[in-house]
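Visitor: Sequence and predicted model, in that order:
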Amino acid sequence: MVTLIDTVSSVKARPRHPEKARLPDTPVVRKPPWIRVKAPGARAFDATRQALREHRLNTVCEEAACPNIGECWDRRHATVMIMGEVCTRACAFCNVTTGKPSHLDPDEPARVAGAIAAIFVTYFFFG
């Protein structure tokens with residue numbers, strides 16, 4: 001006598017992570033609209049990025065992988081890291097590299113001023 005095994009009804013719709021297998025399967029709920037991040041506007045975002053790149057500056061926005069970078073840079077706001085790309089603080093919530101900074105760049109203050117002027121000019125003269 002041959003016994004048939006029903007393999008179709010015993011298979012779940014999607015495999016679960018082993019640590020979650022013991023938990024009940026809950027449906028995926030849509031995220032509220034306020035939690036979604038808008039894609040950056042191309043013109044203002046690119047102008048801000050270009051000014052920071054041309055002046056060889058590091059920003060907390062990029063180093064910390066901030067999810068709000070598009071919103072801030074679209075408004076031409078950026079938090080510049082002075083004294084290099086290494087932070088001397090060790091905040092638990094931050095993604096910036098911490099440690100002892102390298103030598104100071106004597107031209108950095110002029111580069112920061114130049115980037116601010118470039119961002120200011122593009123904001124007031126080109127919208």
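Guide: Arrived safely, thanks for sending. Numbering: from 1, shown residues only.
Visitor: so who does the residue nearest to residue 105 when sequence neighbours are not counted touch?
Guide: In this structure, residue 105 finds its nearest non-sequential neighbour in residue 84, 7.4 Å apart by CB to CB, 6 or more residues apart in numbering. Placement of C-beta: from N, CA and C, glycine included. Residue 84 sits next to 58, 101, 102, 104, 105 when contact means CB atoms under 8 Å, 6 or more residues apart in numbering.
Visitor: Mind doing that once more with 10 Å?
Guide: 58, 97, 101, 102, 103, 104, 105, 108 (CB atoms under 10 Å, 6 or more residues apart in numbering).
Visitor: What ranges in this protein fall below the confidence cut-off?
Guide: 1-23, 25-26, 28, 37-41, 122-127 (pLDDT under 70).
Visitor: residue boundaries of the helices in it?
Guide: Remark: helices assigned in the chain by DSSP state H are 42-54, 60-63, 69-74, 108-126.
Visitor: Among those, which comes closest to residue 34?
Guide: Nearest to residue 34 among those is helix 69-74 (12.5 Å), distances taken as CB to CB.
Visitor: List the buried residues in the closest one.
Guide: Neighbour counts using 16 or more other CB atoms under 10 Å place 69, 70, 72, 73, 74 of helix 69-74 among the buried residues.
Visitor: and if you look at stretch 112-122?
Guide: 112, 115, 116, 118, 119, 122.
Visitor: and what of stretch 89-104?
Guide: For stretch 89-104, the neighbour count (16+ other CB under 10 Å) marks residue 96 as buried.
Visitor: how far is it from where the chain is centred?
Guide: 17 Å (CA atoms, centre = their mean, to the nearest Å).
Visitor: Same list (the contacts of residue 84) but as TSV, adding distance to residue 42.
Guide: As requested, those are exported to TSV (distance: CB to CB, whole Å):
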residue	distance to residue 42
58	23
97	29
101	34
102	34
103	36
104	35
105	31
108	29
